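Asks: give me the fold of what follows.
(one chain, ligands or ions: 1)
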Amino acid sequence: MLYSHGRLIEAAEQRGHRLDTITVADNAVSIPEPRPSATHDAVILRHGTTRTNFGMAILRQFELAGVWPLNPSAAISSSRNKFHCLQILSNNGLNIPLSAYSEDQMQAEALLQAVGGPPAVIKVLDGAHGVGVELCRTRADAIATFDAFYREEGNVMMQEFITEAKGSDIRCIVIGGKFVAAMRRQGAVGEFRSNLHQGGSAHPVEATDDEKLAAERAAQIMELNFCGVDMLRSDRGPLIIEVNSSPGLEGIEAVTGLDIASDVIDCIERRIGSVS
Ligand code: ADP
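Replies: You can find the predicted model right below:
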């Protein structure tokens, strides 16, 4: 069983709740099945990088039946598209790296100009774990990479490269609108991506007040009750690069020693208690 899933079950059961699991592998959705029973108070979608449509369909089925979602499907959809997420955050006054997107393969040069590159970072819009994220140091490299990603994935964006982040990012966990924990992830030697899946390592960090505030505002704006807000430490303060609606618990609990799973269950209890 995945660590995060197991921890959520453990924390829920410790408090006398029953947590039923519906997995992608051995289930199908048909309308109106599964019919969420009145005994379900809340629904949590844990999604990975692939086959997320099934999870979303199940989540919507529960939402339509009036079951409270920890993170609503609409909020998950907005946050999963990196460019849409950044549009929303920036429009609400949060700082992000310069970012540009086009559906026209011929616009690579214009995107590069818009983000002040090279260097520039090229990203697949719905990628995760650092897959489909590439640093291009020359104009030719940026144009060739944009072209290759475009052919493979279709939806690609370009972003200003934040050199001073030095291969590191800060992940802040926000639960029920409140900052609860942070860790610094550091990329392996010679790697600009700090993802643990790309050989990065997790370290304790004291988040600054600016970072805590940015994380809480991002979660509120994206309407996510449980999320990981990833940011880069730049010369102009924290720049948000992503809001993850299904953050892993293993790294953050190991680094901080905190019981994040119980904080998630607390958040659900507070919400359920307030409506019943
Ligand atoms: P994913 O969703 O796949 O984790 P991210 O957009 O978070 O993709 O990028 C992966 C990692 O690459 C980040 O955690 C960060 O360390 C690094 N990174 C991403 N964007 C930039 C950028 N604009 N400048 C510098 N480093 C970046």
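
Asks: got any ranges where the stretch 101-250 of the chain has weak pLDDT?
Replies: Judged against pLDDT under 70, the stretch 101-250 of the chain has no low-scoring part.

Asks: which parts of it sit against the ligand?
Replies: Neighbours of the ligand within the stretch 101-250 of the chain, by Cβ under 6 Å from any ligand atom: 121, 123, 127-131, 133, 159-162, 165, 169, 187, 192-195, 230, 232, 241-242. The C-beta positions use only the backbone N, C-alpha and C, and glycine is treated the same way.

Asks: just the residues you listed: which are in strands?
Replies: Members of those lying in strands (criterion: DSSP state E): 121, 123, 133, 159-160, 169, 230, 232, 241-242.

Asks: hang on, the earlier thing: mind giving me the ChimeraX select for the residues of the stretch 101-250 of the chain next to the ligand, buried ones only?
Replies: To isolate the buried ones among these in ChimeraX, judged by 16 or more other Cβ atoms under 10 Å, type:
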select :121,123,127,128,130,133,159,160,161,162,165,169,187,192,193,194,195,230,232,241,242
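
Asks: can you pull out the strands in the chain?
Replies: Counting by DSSP E, the strands of the chain are 42-43, 68-69, 99-101, 120-124, 133-136, 156-160, 168-175, 178-186, 201-204, 226-234, 237-244.

Asks: could I get those as CSV with distance to Ile22?
Replies: Below are the strands of the chain laid out as CSV (distance: least, Cβ to Cβ, whole Å):
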stretch, distance to Ile22
strand 42-43, 9
strand 68-69, 14
strand 99-101, 34
strand 120-124, 28
strand 133-136, 31
strand 156-160, 33
strand 168-175, 23
strand 178-186, 27
strand 201-204, 30
strand 226-234, 18
strand 237-244, 21
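
Asks: for Leu135, list each beta-bridge partner.
Replies: Taking DSSP bridges, one obtains Val121 as the residues bridged to Leu135.

Asks: wait, it touches Gly117, no?
Replies: No. Contact criterion Cβ atoms under 8 Å: Leu135 and Gly117 do not qualify, at 10.0 Å.

Asks: shared neighbours of these two, anything?
Replies: Taking Cβ atoms under 8 Å, 6 or more residues apart in numbering as the contact rule, Leu135 and Gly117 both touch Phe161.

Asks: more crowded one of the two?
Replies: Neighbour totals were compared for Leu135 and Gly117, and Gly117 leads with 23 against 20 (other Cβ atoms under 10 Å).

Asks: that one and Thr163, how far apart?
Replies: 11 Å (Cβ to Cβ, to the nearest Å).

Asks: and for His47?
Replies: Relative to Thr163, and taking Cβ to Cβ, His47 is found at 32 Å.

Asks: who has more neighbours out of those two?
Replies: With neighbours defined as other Cβ under 10 Å, His47 and Thr163 compare such that His47 has more, 20 against 13.

Asks: and that one, what does it touch?
Replies: When contacts are counted by Cβ under 8 Å, 6+ apart, His47 touches 55-56, 76, 245-246.

Asks: switch the cut-off to 10 Å
Replies: His47 makes contact with 24, 53-56, 59, 71, 76, 80, 128, 244-246, according to Cβ atoms under 10 Å, 6 or more residues apart in numbering.

Asks: do the same with Ala254
Replies: With Cβ under 10 Å, 6+ apart, Ala254 has these contacts: 3, 183, 202.

Asks: Ser79 now?
Replies: 71, 85, 88-89, 218-219, 222-224, 227, 229, 242-246.

Asks: ok, Gly132 touching Tyr150?
Replies: No. Contact criterion Cβ atoms under 10 Å: Gly132 and Tyr150 do not qualify, at 11.5 Å.

Asks: any common contacting residues for the two?
Replies: Both Gly132 and Tyr150 are in contact with 122, 124, 156, where contact means Cβ under 10 Å, 6+ apart.

Asks: among the residues you listed, which one lies nearest to the ligand?
Replies: Proximity of those to the ligand (Cβ to the nearest ligand atom) peaks at Val124, which lies at 8.2 Å.
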